[in-house]
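Peer 1: Have a look; sequence and predicted model below, questions after that.
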Amino acid sequence: MARTIVNVPARAGKGQVIEIKALVGHVMETGFRRTETGALIPRDIIRSFVCRYNGVEVFRADLHPAIAANPLIEFTTIATESGKLDFHWAGDNGFSADDSAPITIE
Amino acid sequence: MRPRALVLPLLFLASGAGADIPLAERRSGYEEMSRETRAMQDDDATNPATLWVLDGASLWESKAGADGKACADCHGDAATRMKGAAARYPRVFEGRLVNLEQRINLCRTAQQKAPAFAYESRELLALSAYLGRQSRGLPIEAATGQDAKPFLESGRAAYYRRQGQLNLACAQCHDERHGGKLAGTPIPQGQATGYPIYRLEWQGLGSLQRRLRNCMIGVRAEPYAYGSPELVELELYLMWRARGMTLETPAVRP
């Protein structure tokens, strides 16, 4: 199970633009590198990232081999209602990681 | 008698070759980094080394070895009991100089009766980052007592010793040419204030010894093995050189 760190403001005003940070531990092996003996190291990357706010998708990203290890994704959304943000990462070799964070609207 | 007569003037030259950076003019590599990289280091939510720190926190609590003991069973809460500990390494322990990684492994083999972690293994980096994190913001105070003196002196000698096919000493870049460029990259003073560091070039966390071995390969010298006394002595000299500076562990570097 990969480690994830998500940062969502615990409280926000209704209609406020909030900044969200999502970090996940992953090697992001490009598939272009070779070992000392010339064998190709198979690709092992995260393919997609999705954020849902009370079940509604608010952000999605496709990830590619040129993205660094342990990718950090920062984005913004509008605080609409109290509830939960769910984060989901999926990738090669059946990689899957989930995290969530609560938010309260004042 | 003849060799001795030759050696003396050489020693004299070597000792006068490089002046230490004045204490007030020492700067962490942090100050040379871009605004974005500094922001990445400062916020635990964006510092990728936090992934290792969290691993270290769970290792601290997990039981290991024949005696089924966790670090926390003896040491308790790391946030209070281990505060400042990492800022005092390397230090002399039972007559030999050990760095933080070696001290962790001594605890593992002697107290937990568990096999030592390999150098640069995920576990050892995680625990040393976790312990370092407890001392973040505190001044570095590596061993300077009488018992550490011979180790410090041989570390200092290594720092000023020319080595490798390029025949370069650490001091020639980091004391005399810091602030300049090497192939477009800024040369830092080499103040070891944030190890283990998350280096963007490495795409991962690495120890001070990994950094030192990189430098040795760079000057085309045969690098010392991980955990060798020579590297630990050099670590001690570097921490003494950075004495009083703020520990940034786990730092981010380009």
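Peer 2: Nice, I can see it. Residues are numbered from 1 along each chain as shown, chains lettered A, B, ... in the order given.

Peer 1: tell me what the longest strand seen in chain A is packed against?
Peer 2: Taking DSSP state E as the criterion, chain A has its longest strand at strand A:95-105. Packing contacts for strand A:95-105, counted by 3 or more Cβ pairs under 8 Å, 6 or more residues apart in numbering or on different chains; DSSP states H and E, involve strand A:4-7, strand A:11-12, strand A:17-24, strand A:83-91. C-beta: built from backbone N, CA, C; applies to glycine.

Peer 1: With mean pLDDT added, can I get the ones you listed in CSV?
Peer 2: CSV is the format used below for the helices and strands packed on strand A:95-105 (pLDDT from 0 to 100):
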stretch, mean pLDDT
strand A:4-7, 96
strand A:11-12, 96
strand A:17-24, 97
strand A:83-91, 98
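
Peer 1: Tabulate these (a markdown table), appending mean neighbour count.
Peer 2: Shown next, in a markdown table, are the helices and strands packed on strand A:95-105 (neighbours: other Cβ atoms under 10 Å in any protein chain shown):
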| stretch | mean neighbour count |
| --- | --- |
| strand A:4-7 | 18 |
| strand A:11-12 | 16 |
| strand A:17-24 | 18 |
| strand A:83-91 | 18 |
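
Peer 1: ok, which residues in the stretch 51-200 of chain B are in contact with chain A?
Peer 2: Neighbours of chain A within the stretch 51-200 of chain B, by Cβ under 8 Å from any Cβ of the partner chain: B:51, B:54-55, B:200.

Peer 1: picking that back up, what separates the longest strand of chain A from the chain centre, distance-wise?
Peer 2: What separates the centre of strand A:95-105 from the centre of its chain is 10 Å, taken as Cα atoms, centre = their mean, to the nearest Å.

Peer 1: strand partners of that strand, parallel vs antiparallel please.
Peer 2: Here strand A:95-105 is paired, per DSSP bridges, with strand A:11-12 (parallel), strand A:83-91 (antiparallel).

Peer 1: what angle sits between it and strand A:17-24?
Peer 2: 150 degrees (axes from the mean of the first three to the mean of the last three Cα atoms, to 10 degrees).

Peer 1: quick one: contacts of strand A:95-105?
Peer 2: Residues from elsewhere that reach strand A:95-105 (Cβ atoms under 8 Å, 6 or more residues apart in numbering or on different chains): A:1-2, A:4-14, A:18, A:22, A:24, A:26, A:44, A:46, A:79-90.

Peer 1: so which of the helices and strands packed on strand A:95-105 comes closest to residue B:31?
Peer 2: Closest to residue B:31 of those is strand A:17-24 (Cβ to Cβ; 24.3 Å).

Peer 1: Which strands border the closest one, and is each parallel or antiparallel?
Peer 2: For strand A:17-24, pairing defined by DSSP bridges yields strand A:4-7 (antiparallel), strand A:72-78 (antiparallel).

Peer 1: right, and the ones you listed - which one's nearest residue B:35?
Peer 2: strand A:72-78 (14.8 Å).

Peer 1: chain center to the closest one, what's the gap?
Peer 2: Relative to where its chain is centred, strand A:72-78 has its mean C-alpha point 10 Å off (Cα atoms, centre = their mean).

Peer 1: before we move on, what about stretch B:157-173?
Peer 2: 18 Å.

Peer 1: Which residue comes closest to the residue of the stretch 51-200 of chain B found nearest chain A once chain neighbours are left out?
Peer 2: Residue nearest to chain A within the stretch 51-200 of chain B: residue B:51 (4.3 Å; Cβ to the nearest Cβ). Excluding the flanking residues, the one nearest residue B:51 by Cβ to Cβ, 6 or more residues apart in numbering or on different chains is residue A:25, at 4.3 Å.
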